[in-house]
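Novice: how would this look folded up:
(3 chains)
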Amino acid sequence: MTKAKKPKLLQGNIACAMGAIKAGATFFGGYPITPSTEIAEYMAAQLPKAGGRFMQMEDEIASIGAIIGASCVGHKSFTATSGPGFSLMQELIGYACNAEIPIVIANVMRSGPSTGLPTLPAAQDVMQARWGTHGDHSIIAISPYSVKETYIQTIKAFNLAEKYRTPVIILMDEKIGHLREGFDVSDDEIPEIIQRKRTLDKENYIPYENTPSMVPEFIPLGCGARYHITGLTHNEKGFYTQKSDEVEKFLFRIYDKIEKNKEDICEYEMFEMDDAEVVIVSYGSVARSAKEAVSKLRASNVKAGLIRLITLWPFNDTLIYEKCHGKKLVLMPEMNLGQLSLEVERAIKDTPFYSLHGAKADLIDPKVMADKVISLLKERGEV
Amino acid sequence: MQTAYKKYFRDNLPHIWCPGCGNGIVMGAFARAIEMLDYDKDEVLVVSGIGCSSRITGYLDFNTLHTAHGRALAFATGAKVAEPRLKTFVIMGDGDAAAIGGNHFIHACRRNIDITTIIINNNIYGMTGGQFSPLTPKGRKATTAPYGNIDRSFDIVDLSKGAGATYIARGDVFHAFRLSYLIAEAARHKGFSVVEAVSTCPISYGRHNKFKGAADMVNYLKKRTIALNRASRMNPEALEGKIITGIFYESEDEEYCDAFERLEASVKKGARK
Amino acid sequence: MKTQIRLSGTGGQGIIKIAVILADAALYDGFNAVQSQAYGPESRGGASKGEVVISDTEIFYPKVELPDIVLCLSQEACDKYAYDIRSGGILLIDSQHCSVDMEKLQGVNIYASPIISTAKTVIGNPLCVNTVALGTLVSLTNTVSKDAVLMAMEDNFKTKILPLNIQAYEEGRKLCMKLLQENKRRAKAMERLKRRPSK
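Specialist: Predicted structure coming up:
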């Protein structure tokens, strides 16, 4: 094969960084941490060529602070981290939710808690991504399962951050981050690049106006509107309020703008689901094992299918209920002790549900998944 | 309020500060400094952290960013690097800057980014009701140091110098016009500049430390402050307990955003080769 | 058709590098390829493992489930990574730094070659141990074409060190030739032995 035609052998972390640049990121602030560091290294090398600026900050709190600052003045901003760094960022993720500042955070998950196993994968930060910062809010989190999808979904993460003025978290894991595979993206596969909705009406600008779209229009700080951005609960003009009706309106708006737009936000893949009697629900790198397991099960005459969640938050409960309802059983393998399983179990209501926990800091073996399904079917007298 | 400076304020006063608080004086000094500098309001970005002092950004009619506790410099650094055209100021309290934000502070000094930082030092955490800060002098009382503070305190001037700031000054709220001058000079300086504004908190600090009231505290500042020039001719014993004010340090070094431009030019040149 | 390859050795030997080259070469040959790795905190020393799965269909599970081909360049790597190879698989080890328990590797084609010392003495650069190993392995297994490997090496080495690594690859290929000749000789000897009438 000639060089021009051959797919590029590309690592997941690099695909993420390339996606960020493609999406128009012009500011990166980060701090080195395994297993996400390749993202920062790529940004350091490529961002100056792409007209952006890379900063290595003094810690992860400074990193997220700096990217919020850069976003406030109108730049698409990005950081990448892992486990402990993600913990340090939590407070300011809440700030970005509250002040509605678009940012993108890639968290290449590693096994924890604490320093844990820095070089090994896990999906242990799924609940942290949803609930890590204090206070009520919603969040968008995406979990890609291949190198190519990491690229495409990173672009979409920026799009969603811009469209909904919210932090978006890309939940990768060490396996996806360090995996290398053929990368070949045609132009029509690249999503259209979205910019946050701006207004030019500086004179009458109401920075946090309640509109039907629930997403306020944006004017960067320093462009003539001279308004105030704060992490305090604020009224439409952006100033502190403790009036109960204003507080309630605000809190519901930043929640609903995401939770009521699931149809637009949530993505998933159906694999062998047309005639499936047994459903595996999975996401991230473990979904690769799950696909293999589905093939193995099909080979032994079990009609298995896979729902692969690409968007984890907001949680697509309607989809899970509709697709799992009436099936023989649902299995959810996860590289943790059962996190998103809790949501799936809640959503599917009365369908038999089982979770398969992976705590070996490694992908779950497809054979283990397939065997589990077969033994559960036997247990339930279904075979 | 003097009408000349009214244009720098939003129409949302009165402020939340206690009677006798120094924050308002620093805010006034800041507005006068901007008048001296003749900056276009649209080009000015003022960033603050959390605490009484941080509320200043809510009252000033500039581009204002009220961030999280200790993180003002992190936000400001991102904003400044992304948009170097903005005249960027950071206003922090002593706990904000030297405790929770200490790491960001020393690294901003080290980078020599063109941000003017004002640290309002009232020696206490005021908003939470009077706990000791890294700038509470040893022996003073606070609600979390009821038997007297045993922690040694920072000297902002020494700290900034050690960390690499290229303009360092200290003023106080009694000498409010001089404070304006120190802030304006700091803004004119290209690079990271620090102005410590020694202030007063009669409610959360003064009451616990035998000050009779706001006037007493301001008088204390008047008596204790001494200009750097004069202080340099005095012996250490005579300087015991004095607050030395003035411009302590000024030097030139490559500014951080300039360094970015240099880097970008060399990357582009490399790409052409 | 799926080929599962595991490359192992000590951190710093460049194991991951040749795993990348192998996967890249497979792409040049028009296959799908996935390369993954497991590594510890050490940049130098410790056991290092790189895995490559090559297939003509889409690859989901990226890890090696049952290795067809295993390379071990240290004793620790041998102990950890050699023994789950499939029967009929190919195991290549360094003849001077590794020993294996033949009892546990029944039905496996085992090749031992002085890879590390060849890098040191023939190439004069111990850093080339990985490309010597790559040369031996590729020639031994024919998983990817030599042409593809050369293109992949061009992509993955800086111009300055490319010629040295190609030389190392060639030396590795020679080691393979020697191994195959030896095998032939040994097979002939065995046959002769068998033909000799027993007393």
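
Novice: helix or strand for residue A:18, which one?
Specialist: helix A:12-23 (DSSP states H and E).

Novice: could you pull out the strands for the stretch 101-250 of chain B?
Specialist: Secondary structure of the stretch 101-250 of chain B (DSSP state E, counting those that start in this stretch): strands located at B:115-121, B:124-125, B:131-132, B:167-172, B:193-198, B:225-227, B:243-250.

Novice: Please apply the same query to chain C.
Specialist: Using DSSP state E, the strands of chain C run over C:2-10, C:32-38, C:47-55, C:69-72, C:90-94, C:109-113.

Novice: Go through those strands and name the closest to chain A.
Specialist: For chain A, the closest of the strands of chain C is strand C:32-38, at 4.2 Å, according to Cβ to the nearest Cβ. C-beta coordinates here come from the backbone N, C-alpha and C atoms, glycine included.

Novice: Each with direction, which strands does that closest one pair with?
Specialist: Strand pairing for strand C:32-38, using DSSP bridges, gives strand A:180-183 (antiparallel), strand C:47-55 (antiparallel).

Novice: I would like the residues contacting the first one, please.
Specialist: Read it as strand A:180-183. A:7-12, A:15, A:146-148, A:151, C:20, C:23, C:27, C:32-36, C:59, C:62 (Cβ atoms under 8 Å, 6 or more residues apart in numbering or on different chains).

Novice: near chain B at all, whatever helix or strand comes next after it?
Specialist: Using DSSP H and E, the helix or strand that follows strand A:180-183 towards the C-terminus is strand A:228-230. Yes: among the residues of strand A:228-230, A:228-230 lie within reach of chain B under Cβ under 8 Å from any Cβ of the partner chain.

Novice: ok, of these, which come out buried?
Specialist: Among the residues of strand A:228-230 next to chain B, those classed as buried by 16 or more other Cβ atoms under 10 Å in any protein chain shown are A:228-230.

Novice: Can you list the low-confidence ranges for chain B?
Specialist: Within chain B, the stretches with pLDDT under 70 are B:1-3, B:273.

Novice: which helix of it spans the most residues?
Specialist: Secondary structure assigned by DSSP state H gives helix B:256-272 as the longest helix of chain B.

Novice: what comes up buried for that helix?
Specialist: B:256-258, B:260, B:264.

Novice: Spell out which parts of chain B neighbour chain A.
Specialist: B:10, B:12, B:41-43, B:45, B:47, B:57-58, B:61-68, B:71, B:74-83, B:85-86, B:103-104, B:107, B:260, B:263-264, B:267-268, B:271.

Novice: How about the contacts made by the closest residue to residue C:40 other than its chain neighbours?
Specialist: Nearest residue to residue C:40, sequence neighbours excluded (Cβ to Cβ, 6 or more residues apart in numbering or on different chains): residue C:46, at 4.8 Å. Residue C:46 makes contact with C:10-11, C:39-40, C:76, according to Cβ under 8 Å, 6+ apart.

Novice: Buried among those residues? Make that a PyMOL selection.
Specialist: Remark: buried members of those, expressed as a PyMOL selection using 16+ other Cβ under 10 Å:
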select buried, chain C and resi 10+11+39+76
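
Novice: Give me the distance from the longest helix of chain B to the chain's centre.
Specialist: 32 Å (Cα atoms, centre = their mean, to the nearest Å).

Novice: Mind jotting down where the helices sit in chain C?
Specialist: Counting by DSSP H, the helices of chain C are C:15-28, C:75-81, C:115-117, C:129-141, C:146-156, C:162-195.
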